[in-house]
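Peer 1: with the input below, show me the fold.
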Amino acid sequence: MDYPIEKVRDIGIIAHIDAGKTTVSERVLFYTGISHKIGEVHEGQAVMDWMEQERERGITITAAATTCFWTPTYARRGVSPDDQEKLKAVRSVHEHRINLIDTPGHIDFTVEVKRSLRVLDGAVVVFDGVAGVEPQSETNWRYADEYHVPRICFVNKLDRTGADFETVLKSIRTRLTSHAVPVQFPIGSEGNFSGVVDLMEEKAYYFEGDHGVMVREAEIPEELKAEAARRRHELVEKIAETDEALLEKYLAEEPLTIAELKAALRRASLEVKIVPILCGSALKNKGVQLLLDAVVDYLPAPSDLPPVKGLDPATHEELTRRPADDEPVAALVFKIASDPYVGSLAFFRLYSGTLKSGTYVLNPKSGVKERIGRILRLHANHREEVKEVFPGGIGGLVGLKSSTTGDTLSDEDHPIILESITFPEPVISVRVEPKTKADQEKMGVALRKLSEEDPTFRVAGDPDTGETIISGMGELHLEVIIERMKREFGVLATQGRPQVAYKETITGSADAEGKYIRQSGGRGQYGHVYVKVEPMERGNGFEFVNAIRGGSIPQSFIPAVEKGVKGAADKGVLAGYPLIDVKVTLTDGSYHEVDSSDMAFHIAGSMGFQEAVKRAGLQLLEPIMKVQVIVPTEFLGDATGDVNAKRGIIRSMEDRDNVRVIEADIPLAELFGYSTTLRSMTQGRGTFNMEFGHYGIVPRNVAEGIISGGNVKAQRA
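Peer 2: Here you go, the predicted structure:
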């Protein structure tokens, strides 16, 4: 069945690790009829966690996409499940197509969340009913803000001991957004949690039968009516504030219909003026059907959002594409996966036009024409071949030759480049060595394919030792990569001790001259530049500016100077680590009509840059991680003492039932093996999680040891 675009929803489910995100996804598949058996994460049977490692570890590692179909419960109200004719008629009017992506919660795999949110129209943010807002919740929320993604919240696990809906609501409003408004609240708590009160309908809902399939509507319990009235008054007031016509009626004390309130809440949700909050327990099969209703009611269809913007590759003028079948094709490749059956599989989101198998599209970035071979509809690791995809569609393409993550596929006659995806830099590296000669031959292929899949995974060779160095977002990230090499590519490899991805930067501004002159009989080499270096704010990277306005250096040699400067910055000057947050300005120079060459200016640029940064003053930077440590109260002193010993700075401490939560900034170099240390310190009861925070200055006494190690390495070279 082809679905009108207003009945399509492209959504993702995002959360901190262990908030129950995949469990929610599994219930969605069950209630929408895609799965006929619920797959439990703790039993290693989740459909969306299809990789062996995901099932063994009980975590999501890679984003999985699927398509399901949902007719809201209120549309089916009063229709018997056995009356197939009536159900068919209801579905023809009310059924929606939901393209769903289940994303990882662990910070090491945050790239999966970011690239998924880039192509999704809406998101369901899942929170643990005990823990509330956690570090990765904040990171995912920032990604959603960055891409202007409307979202709804689902407070999960309200059946757990210590669950508190009001506390979670407060943490969302304090740490994420002041626009969060409950449209439901729970009936009972912890072991007595039995259902939810819907503030729009002013009804109570219970979930009965096998796996909570039957949604029973009832009157609000007498003891909750006062709370329901108070919460509904707050909800109606918040909705009315976002709509002028509704506000006039509200102030005039005229009755507001449910249809009016829902329509206004939908508009406010799409503009992120209100973030609706729902609740339940996915594991106990409570609240998920109403969550699906909310996805239909309050999250956008592709047609609800402004036309997607891009640039003309020739003129760089801004272009737009509407989500319509008759528009030129515009699609974004957001993920590359290595599939054992079909080879390279490119995940894409179609924004406009109709993509048909057998046709050709243009990759404007590379200028290469790509043939659309097989188009696949995705369901975790299962595939269904289709002949065409319409706007809003998410699927997979087999056989693309030169397109990778972030590339646009567009109509040949109407090219457009859509906004790409930026990814965080790796913070940790290890050396890997194949165990046998046969493994050596296979390892190169495996690493190349894995790096194509994951933009935060990097592979490089050490020029000093000839060893292979892999870099990623954390120890778990690299551990999973090495295990995938073994399982998927049959490569056995040993790994060295993890290494921190240090950086270098400058402390001041300085000018320097770079002059390269060689005479060896016949044509010589001559390159001469003046460069100025200045520090930039932390996180701004590297910038090269050509400030020459006369003809002291021909424009044809400027790219060679820039390449030389960037090459020197990548190799580092202080201890062999890349230089960041530096602005380099080419101010002057000279050339020789015969002897000047690209190579000479390349070397001159490198020499001038190295001299300038030495004069400016160099310092070493290290990745600082935002760490959340959760320990029983009796171990708080040991835990805080250990954080201080690791050069950590404690930002806050919070009481949470019988545990204490420590928020701290700790250098990554001090965190290797921390999980073992914490477990032994707390009798196995302490846990922690971390995410990259920022680059900070390495203290002088620590830096001296790192620099001397880097200089020994440079001397060997």
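
Peer 1: what packs against the lengthiest strand in the chain?
Peer 2: Among the segments of the chain that qualify as a strand by DSSP state E, the longest is strand 618-632. If you count contacts as 3 or more Cβ pairs under 8 Å, 6 or more residues apart in numbering; DSSP states H and E, strand 618-632 packs onto strand 503-506, helix 636-645, strand 659-667, strand 687-697, helix 700-716. Heads up, the C-betas are built off the backbone N, CA and C, glycines and all.

Peer 1: what packs against the second one?
Peer 2: Going back to what we said before, that points to helix 636-645. The contact analysis (3+ Cβ pairs under 8 Å, 6+ apart) places helix 636-645 against strand 618-632, strand 649-656, strand 659-667, helix 674-681.

Peer 1: now mean pLDDT and mean neighbour count too, for the ones you listed, in a markdown table please.
Peer 2: Formatted as a markdown table, the helices and strands packed on helix 636-645 follow (pLDDT from 0 to 100; neighbours: other Cβ atoms under 10 Å):
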| stretch | mean pLDDT | mean neighbour count |
| --- | --- | --- |
| strand 618-632 | 89 | 21 |
| strand 649-656 | 88 | 13 |
| strand 659-667 | 90 | 19 |
| helix 674-681 | 81 | 15 |
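
Peer 1: ok, which of these comes nearest Arg487?
Peer 2: Nearest of the helices and strands packed on helix 636-645 to Arg487, taken as Cβ to Cβ: helix 674-681 at 23.1 Å.

Peer 1: chain center to the closest one: distance?
Peer 2: Offset of helix 674-681 from its chain centre (Cα atoms, centre = their mean, to the nearest Å): 28 Å.

Peer 1: ok, and what's touching that helix?
Peer 2: Val629, Val631, Phe635, Asp638, Ala639, Asp642, Lys646, Gly686, Thr687, Phe688 (Cβ atoms under 8 Å, 6 or more residues apart in numbering).

Peer 1: ok, the second one - contacts?
Peer 2: When you say that, I think you mean Val631. Val631 sits next to Asp638, Ala639, Val659, Arg660, Ile662, Leu678, Thr682, Arg685, Gly686 when contact means Cβ under 8 Å, 6+ apart.

Peer 1: apply 10 Å and report the result again.
Peer 2: Counting by Cβ atoms under 10 Å, 6 or more residues apart in numbering, Val631 touches 637-640, 642, 659-662, 678, 681-682, 685-688.

Peer 1: now do it against Asn644, distance only.
Peer 2: Val631 sits 14 Å away from Asn644, going by Cβ to Cβ, to the nearest Å.

Peer 1: and if you look at Lys309?
Peer 2: Distance of Lys309 to Asn644, computed by Cβ to Cβ: 49 Å.

Peer 1: neighbours of the closest residue to Ser303 other than its chain neighbours, how many?
Peer 2: Excluding the flanking residues, the one nearest Ser303 by Cβ to Cβ, 6 or more residues apart in numbering is Ile5, at 4.8 Å. Neighbours of Ile5 under the rule other Cβ atoms under 10 Å: 18.

Peer 1: got phi/psi on Ile5?
Peer 2: As for Ile5, its main-chain torsions (degrees, to the nearest 10) stand at phi -60, psi -30.

Peer 1: that one: what's it in contact with?
Peer 2: So Ile5 contacts Arg97, Ala301, Pro302, Ser303, Asp304, Pro323, Ala324, Asp325, Phe390, Pro391, Gly392, Gly393 (Cβ under 10 Å, 6+ apart).

Peer 1: ok, which of the helices and strands packed on helix 636-645 comes nearest Ile220?
Peer 2: Closest among those, using Cβ to Cβ: strand 649-656, at 30.2 Å.

Peer 1: neighbouring strands of the closest one in the sheet, and parallel or not?
Peer 2: Sheet pairing here is set by DSSP bridges, and for strand 649-656 it gives strand 659-667 (antiparallel).

Peer 1: and the angle for the strand it pairs with with strand 687-697?
Peer 2: Here strand 659-667 runs at an angle of 30 degrees relative to strand 687-697 (axes from the mean of the first three to the mean of the last three Cα atoms, to 10 degrees).

Peer 1: run through the strands of the stretch 401-550 of the chain in chain order.
Peer 2: Using DSSP state E, counting those that start in this stretch, the strands of the stretch 401-550 of the chain run over 408-410, 417-418, 428-434, 458-461, 468-472, 493-495, 499-500, 503-506, 510-518, 525-535, 542-546.

Peer 1: nearest to Glu244, of the ones you listed?
Peer 2: Closest to Glu244 of the strands of the stretch 401-550 of the chain is strand 417-418 (Cβ to Cβ; 34.5 Å).

Peer 1: tell me the mean pLDDT for the helix or strand containing Lys309?
Peer 2: Counting by DSSP states H and E, the element that carries Lys309 is strand 308-311. Across strand 308-311, pLDDT averages out at 92.

Peer 1: in it, what's buried?
Peer 2: For strand 308-311, burial by neighbour count (16 or more other Cβ atoms under 10 Å) applies to Val308, Gly310, Leu311.

Peer 1: for Glu654, list the residues it contacts.
Peer 2: Counting by Cβ under 10 Å, 6+ apart, Glu654 touches Gly132, Ser171, Gln628, Ile630, Arg660, Val661, Ile662, Glu663.

Peer 1: ok, now how distant is Thr110 from Asn99?
Peer 2: Noted for Thr110: a distance of 21 Å to Asn99, by Cβ to Cβ.

Peer 1: brain fart, Tyr143
Peer 2: Distance from Tyr143 to Asn99, by Cβ to Cβ: 18 Å.

Peer 1: look at those two and report which has more neighbours.
Peer 2: Per other Cβ under 10 Å, whichever of Tyr143 and Asn99 has more neighbours is Asn99, with 24 against 20.

Peer 1: hmm, back to that, tell me which of the contacts of Ile5 fall in strands.
Peer 2: In this view, these that belong to strands under DSSP E are Arg97.

Peer 1: surely Ala568 meets Phe544?
Peer 2: No: Ala568 is beyond contact range of Phe544, at 11.4 Å (criterion: Cβ atoms under 10 Å).

Peer 1: between those two, which contacts overlap?
Peer 2: Val584, Gly605, Phe609.

Peer 1: what about those residues, which one has the most neighbours?
Peer 2: Taking other Cβ under 10 Å as the neighbour criterion, Gly605 ranks highest of the shared contacts of Ala568 and Phe544 with 30 neighbours.

Peer 1: now it. Nearest residue, chain neighbours left out?
Peer 2: Among residues not flanking Gly605 along the chain, Gly564 sits closest, at 3.2 Å (Cβ to Cβ, 6+ apart).

Peer 1: what about the one you found, how many neighbours?
Peer 2: Counted with other Cβ under 10 Å, Gly564 comes out at 27.

Peer 1: kindly report the same for Gly686.
Peer 2: Neighbour tally, Gly686, other Cβ under 10 Å: 23.

Peer 1: next, it: phi, psi?
Peer 2: The phi/psi pair for Gly686 (degrees, to the nearest 10) reads phi -90, psi 150.

Peer 1: circling back: show me the contact partners of the strand holding Lys309.
Peer 2: Strand 308-311 is contacted by residues 302, 317-323, 327, 330, 332, 349, 351-352, 364, 391, 408, 410, 415-419 when judged by Cβ under 10 Å, 6+ apart.

Peer 1: after it, next one along is what?
Peer 2: Proceeding N to C from strand 308-311, the next assigned helix or strand is strand 318-321, under DSSP H and E.
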